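Q: Sequence and predicted model, in that order:
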Amino acid sequence: MLDKMEVYYFSPTGGTKKVSSIFADAMEKEVIWHDLGSKEPMMEKPEGEMTVVASPVFRGRIPSVVREKIEKFSGTGKKAVTIAVYGNRAYEDALLEMNDILTKCGLW
Ligand SMILES: Cc1cc2nc3c(=O)[nH]c(=O)nc-3n(C[C@H](O)[C@H](O)[C@H](O)COP(=O)(O)O)c2cc1C
């Protein structure tokens, strides 16, 4: 059972945050939210049992602000879930890109 999850999201127009909220509600766990669009310093060592990264898809990729921030994560074998929210054209390599970055950071 998971007690606490952390959700890192970027959502300029609110859609990704909404999708993340639906996912978080379904998990029925305490959620700590981190806005990847914020200029505040970011927790780079996720502490919850599960880390969720949710990003919109821009031109088939994740936005650079998301990539630059999640590349700094240190995960030490914790579970991760990635969510790519797109405009019904195509999500192309966005999920793969997030998964590759998080795997390199030690999340799986
Ligand atoms: C610059 C830009 C590029 C986009 N590229 C894609 C794309 O390649 N494929 C797609 O399906 N939707 C694309 N979209 C639509 C967004 O992925 C979609 O609107 C997303 O849900 C917005 O998330 P938000 O509401 O959290 O900001 C793009 C939107 C913008 C602004």
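A: Okay, I see it.
Q: CA only for contacts and neighbour counts going forward, please
A: OK.
Q: how about the residues of the chain that lie near the ligand?
A: 11-17, 56-60, 85-91 (CA under 6 Å from any ligand atom).
Q: now those residues: which count as buried?
A: 11, 15-17, 56-58, 60, 85-86, 91 (16 or more other CA atoms under 10 Å).
Q: among those residues, which are in helices?
A: 15-17 (DSSP state H).
Q: Mind putting those residues into a markdown table with pLDDT and distance to M50?
A: Shown next, in a markdown table, are these (pLDDT from 0 to 100; distance: CA to CA, whole Å):
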| residue | pLDDT | distance to M50 |
| --- | --- | --- |
| G15 | 98 | 21 |
| T16 | 98 | 18 |
| K17 | 98 | 17 |
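Q: For the residue nearest to the spatial centre of the chain, list the residues it contacts.
A: Geometric centre of the chain, nearest residue: V53, 0.8 Å, by CA atoms, centre = their mean. Contact analysis of V53 by CA atoms under 8 Å, 6 or more residues apart in numbering lists 7-9, 80-83, 98.
Q: The chain: helices as residue ranges?
A: Residue ranges of the helices in the chain, as given by DSSP H, are 15-27, 64-70, 94-104.
Q: quick one, which of those is packed in tightest?
A: helix 94-104 (a mean of 18; mean count of other CA atoms under 10 Å).
Q: helices and strands around that one, which ones?
A: helix 64-70, strand 79-85 (3 or more CA pairs under 8 Å, 6 or more residues apart in numbering; DSSP states H and E).
Q: Figure out which of the ones you listed is closest to I22.
A: Closest of the helices and strands packed on helix 94-104 to I22 is strand 79-85, at 11.6 Å (criterion: CA to CA).
Q: okay, now V81: neighbour count?
A: When neighbours are counted by other CA atoms under 10 Å, V81 registers 15.
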